[in-house]
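Novice: Give me a model of this one.
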Amino acid sequence: MFLWSLLGWTGLAAAAVPLTPQPRQMGVADGLPSGRVNAFAEDRLGYLWMATYDGLARYDGRGFRIWRTEDGLRDNLTWALYVDADNRLWVGTENAGVAVMDANRKSFTFYNRRNTPALGSDTIWSIAATADGSLWFGTAGGGLTRRFADGHFQRYMPIAGDPRSLPNSSVVHMATTADGSLWIGTKRGLARWTGHDFERAPNQALQRVDVNRLTPEPDGGLWIATNLGVVLRKPDGSFVNQPWRSASAIPVLQTLLHDSAGTYWLDTASGLGYQDQATVRNVPLYSVSAHGLVKPNWVTAYQDRDGGLWFASMNANLWHLPANWRQFAVLSNDDSDPATMRNPYVLATAPSSQGGLWLTGTRGALDWLDPATGQVKHHLKVIDPVFWPQSMTEDDQGRVWIGLNGLLYRYDPANGQLQRWSEKDAVDAVDPGGVSLARACGAQLWLYVRTVGLQVRDLDGHVVRRVPAGSPAFPRDVFVQDLQCGPDGQPWLVTDRGLMRWREQEQRVEPIPGASGDALFSMAFDGDHGLWLGAMGQLRHYRWDGQRLRLLQRIGADQDFPATAPTSLLVDRQGIVWTGSSRGLTRTDPKSRQLRQYGVRDGLPSPEIREHSLVQASTGQISGATPDGLVLFDPGLLTPSRRQPALQIEFVGVRRGDDGLDLTHLAEPVLDSQDRDLHVAARLLSFSGADDSSYRFRLGGYDPDWVEVGVSGERLFSRLPAGRYALEVQGRSSDGVWSPVKTLHFRVLPPWWRSPWGLASWALLALLLTGGSLHLYRLRLRRRSAWQLAQHKRELAEQASQAKTHFLATLGHEVRTPMTGVLGMSELLLATPLDERQRRYTRAIQNAGSHLLRLVNDALDLARIEAGRLEMDAQDFDLRELLDGVAALIAPSAQQRGLAFSCHVADGVPPALRGDPLRIRQIVLNLLGNAVKFTERGAVRLQALPLAEAGVMLVVSDTGPGMNAEQQARLFQRFEQAEGARTASRYGGSGLGLAICQELAVAMGGTISVESTPGQGTRFLVSLPLPAGNGAVPALPSAPAPGEGSPLSVLLVEDDATIAEVVTGLLQARGHAVQAVSHGLAALTALALEHFDIALLDLDLPGIDGLALARQLRAQGLTLPMLAVTARADGDAEALAQAAGFDGFLRKPVTGQMLAEAITAAIAAAQQRQA
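Specialist: This is a model prediction of the structure:
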């Protein structure tokens, strides 16, 4: 006790829990420019500054901002810091003298030997200030330099033979004591500035003259550290050598800090030490980067305004102990220290009647803990060598009951006796399975084994009652989460089906009236007929009136209660509710309904609080088990701070053009009208719990209410209208306290055209515009009239185009029906005995009809092209088969005219292509037909050549008359022929064929070109970039030869009598039996009475049309082939017929050959459909 009176130590009241400081290491990975920190200083705004070996760092609680040479600092190695009354930062450097950063943190001013001769060296080791406004700079070998309040400098150096001069020219450290005295530590001794000279301390009192560090005491004392240890100069002027020696077996090298709580922090031979009562205790320092314990060489220490401690070392980075480090004590197992707990992970805890706590865990040991001192008493080394303990309770006789898997132990600490029961015992056997819950209620012990049930024993261990799961007394699907002794003296059970209790009279478990039936996880009684229940994401407070529970309040998401299961619940003696979960510890004040959540940043070793591990000792301390240690805290001291945190607007910036503009330190920032992305960042300057803080912003006239931005503290405004604004900012600490509102006033300038001179310009411009408005109005009227006329013409043109398209479609339909009669009757007539003249007349009728049909088809194709409704049916096809079919059609015509015809497909042409084979056939037939028609003698040739990339080039060449350039230019125009009317009169034709071919080729992504010389023939080149086919190409059905195939029974449904007669005749000529009906009802009757091989249906029938008839027949299950025969010319007709169930489609007019081919294809399609 002599030591503490010697030090002036008054001491503190005994700590509620043992002190277990656990500093956190910080280094370059956390944002520091260097792991070697030489000095600390806090500015007037609350930022913490650090002088490091590689730059100047500023810490705001979340991150570091760094200044180096590239930021204006002339030297990165910094030694000393000082913040003056104007919030300027003075920095002592290694090679650049003194750097002064202005209060706006924008620029530096430098003092060095070049501009300040009184500064004897550019290496500044220390900076101090005295009450008269002077700043003192200690240099390396250049003596001591003083800067007076008026700005002039004076230098002090050692003078040989003068004992009142500076002891040495190298000033290592300086300190100002409570009485205002400036003490200077040099490499050759210690001196005090008297106001006019230096009073040297006796060297014999220092042990050694090389002073390393000076630490002032609040009472005016001064700690002096030398290479041999630490010396205390008391306020009365006496010196005490090595005052810590009697308090510790660990050598103390220097006193780092005397914090505001009265604790001394010491640089010891073992690392970091602190004074705890009458002893010096070592602080184990675990380094993540070193993967083990380290022993730093300390440079300095600092206590920030919140009470947090900072320790800087030369070899082990920076260490931080937050201000709230005393609120939790963490006890863990250390195999090298027998005084620590034996269990690495405490699995079960129970309060002891002797004031301590019983602990058991993963090593099966039983310990007793004094929560006030942390002293552990070992009772049982191993309870069971196989199974871990799962539950524990102490009965009213002070005996400890421990439940394991199929085992139950009772330990009596009075005599050390241990008794064991197992599931294999013949008498009083334990239920098989893990005893997850054990609770002593009066003279009975209640045990619960999941899926097995409840077991009741007396305190001698005899089984009194078993309540098996699945019995009438206890449902099987109920799982118990917690078990407590209720106010009625009987066990109350927290289950996944709500709250239940044991009814002694009924001998069964029953739900408690008033409690909900959802899943619960924990419960605790508050001692005033109150009950707290923990459910998923909420707490519920009930009042028990002896018969039922009445809900008083809920604490949930609206109060920011964590959305997880509170598996541990306790109400302390002040009525505060404590819950533990996988997200840490939560404190709930039922009166204010305020919550505070504690996690790893607050001192917990792990966020996972084990279920049912929150217990309160009779001395008041609460413990909680985590995988990384046992947590102890005094609930009376663990109260959220009500102090409002300090808020600082750290950054204000905008984007101006491509550059960023920093407006942070302007009193009222002014933004141009074109500025964008106004960025405002705020920070709560707290060095503990910064990551748990939150922020909100409100811009007057813009935000209807506060805008929460979470932990980022940043707000971005893309664009703001012109005007004056007030942006309010608030931050909320981890304790839930909002800072005072900080307001940023700023102004957004209007664009130039809304500025005063811009408005004047507008007025002048308005006068000029008024003079020309009449002229402009007249021009506008003329333009409007012209536009309306053009619009009217365009509408007329569109109407004309639509009318033409409709007319051609209608004309095609109306022409096809009578043409069927003309062509069909002429074909039938040619099959009868005729003389030569009659046969010539009939062929002329047939040829004229065919020509008329071609004209109609060309006109319809042209109408589709103009209407944009020309669609391609892309499918895989065999090009050689297609060209062979075309050649078979053209060769007879060529031979009749005495022309040689040949068809050749080159080897490189793909065997299969993907495109529209019908349109390709139409192009080739048209070109070959023209070649045969216009060639008098010679030959016509068809070639297929491969394209370089993909596709095919079709070449049609002849030896005809050829064409000149002017004829070639008009060749692909509509209604144009080579020699105009002369060609039409000689050869016939409409002049549409080549135009349509050109449109078809373009629709397929290709082109048609012509090469011709008069008298030498013509070559048409059709380039079609078609992709190669992917699969096997189905073979096209071959056309049956006349008389080929067996006779068929055909049903013809046609309302036009002439058409019916023609089709009947054509089919009968080929040996088929035909029954013709004129409407759908007659067709249904015929199909019901007779069997037909195929049905031919017109689509336009009276009553029910052909499409509806086909759908009805298919709905009735009729599977016979059906062929649509129609005069419709629209492109949708074939698709509609296919969707209705037809197997084939044929447009009128028809010939016998066309009918034969269509019937064959329809029968094949029907067979494939039925396969």
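
Novice: what's the neighbour count on residue 252?
Specialist: 23 (other C-beta atoms under 10 Å). For glycine as for every other residue, the C-beta is placed from the backbone atoms N, C-alpha and C.

Novice: Surely it and residue 231 touch.
Specialist: No: counting by C-beta atoms under 8 Å, residue 252 stays clear of residue 231, with 10.8 Å between them.

Novice: who touches both of those two?
Specialist: Residues within reach of residue 252 and of residue 231 at once, by C-beta atoms under 8 Å, 6 or more residues apart in numbering, are residue 242.

Novice: What residues sit buried inside stretch 16-33?
Specialist: 16-18, 20-27, 32-33 (16 or more other C-beta atoms under 10 Å).

Novice: same thing with stretch 741-755?
Specialist: 744, 746, 748.

Novice: Narrow the residues you listed to those in strands?
Specialist: 744, 746, 748 (DSSP state E).

Novice: Out of the residues you listed, flag the one nearest to residue 966.
Specialist: Proximity of these to residue 966 (C-beta to C-beta) peaks at residue 748, which lies at 70.5 Å.

Novice: Just list whatever residues bridge to the closest one.
Specialist: Counting by DSSP bridges, residue 748 is bridged to residue 671, residue 723.

Novice: May I see the buried residues of stretch 741-755 organised as CSV, with pLDDT added?
Specialist: What follows is these, written out as CSV (pLDDT from 0 to 100):
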residue, pLDDT
744, 95
746, 95
748, 93
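
Novice: Redo those as a markdown table? Include distance to residue 1029.
Specialist: Output for the buried residues of stretch 741-755, formatted as a markdown table (distance: C-beta to C-beta, whole Å):
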| residue | distance to residue 1029 |
| --- | --- |
| 744 | 71 |
| 746 | 70 |
| 748 | 66 |
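
Novice: quick one: pLDDT of residue 822?
Specialist: Looking at residue 822, its pLDDT reads 67.

Novice: what's residue 899 in contact with, if anything?
Specialist: Applying C-beta under 8 Å, 6+ apart, one finds that residue 899 lies in contact with 932, 935, 937, 938, 939, 940.

Novice: Can I get stretch 589-606 in CSV, CA atoms only?
Specialist: Below are the C-alpha coordinates for stretch 589-606, written out as CSV (Å, rounded to 0.1, in the frame of the first residue of the first chain):
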residue,chain,number,x,y,z
ASP,A,589,-35.5,-1.3,-21.5
PRO,A,590,-39.2,-2.1,-21.1
LYS,A,591,-40.0,1.4,-19.9
SER,A,592,-38.4,3.4,-22.7
ARG,A,593,-38.7,0.5,-25.2
GLN,A,594,-35.2,1.3,-26.3
LEU,A,595,-32.8,-1.4,-27.4
ARG,A,596,-29.0,-1.6,-27.6
GLN,A,597,-27.3,-4.5,-29.4
TYR,A,598,-23.8,-5.5,-28.4
GLY,A,599,-21.5,-7.4,-30.7
VAL,A,600,-17.8,-8.1,-31.4
ARG,A,601,-17.1,-4.4,-31.8
ASP,A,602,-18.3,-3.8,-28.3
GLY,A,603,-16.0,-6.3,-26.7
LEU,A,604,-17.8,-9.6,-27.2
PRO,A,605,-15.4,-12.3,-28.3
SER,A,606,-18.0,-13.9,-30.6
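
Novice: for this structure, what spans make up the helices?
Specialist: Listed in chain order, the helices of the chain (DSSP state H) span 2-6, 756-830, 836-867, 879-896, 917-934, 965-970, 981-987, 993-1003, 1057-1069, 1080-1089, 1106-1115, 1133-1140, 1152-1170.

Novice: Would you single out the least confident of the ones you listed?
Specialist: helix 2-6 (a mean of 39).

Novice: Can you report how many residues lie near residue 874?
Specialist: 13.

Novice: I'd like the distance between it and residue 917.
Specialist: Separation of residue 874 from residue 917 (C-beta to C-beta, to the nearest Å) stands at 10 Å.

Novice: what's the answer for residue 1056, then?
Specialist: Per C-beta to C-beta, residue 1056 is found 32 Å from residue 917.

Novice: same check, this time on residue 878
Specialist: Separation of residue 878 from residue 917 (C-beta to C-beta): 9 Å.

Novice: Please tell me how far stretch 874-891 is from the chain's geometric centre.
Specialist: The chain centroid and the centroid of stretch 874-891 are separated by 58 Å under C-alpha atoms, centre = their mean, to the nearest Å.

Novice: Filter the contacts of residue 899 down to the buried ones and hand me the PyMOL line.
Specialist: In PyMOL, this line selects whichever of those come out buried by 16+ other C-beta under 10 Å:
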select buried, resi 932+935+940
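
Novice: Among the contacts of residue 899, which one sits closest to residue 346?
Specialist: residue 940 (102.9 Å).

Novice: Thought residue 898 was touching the closest one, still the case?
Specialist: No: contact between residue 940 and residue 898 fails when scored by C-beta under 8 Å: they sit 11.3 Å apart.

Novice: Over to the residue in the chain sticking out farthest from the centre: give its phi and psi.
Specialist: Within the chain, the residue lying farthest from the chain centre (C-alpha atoms, centre = their mean) is residue 835, at 91.2 Å. With angles defined as degrees, to the nearest 10, residue 835 sits at phi -80, psi 180.
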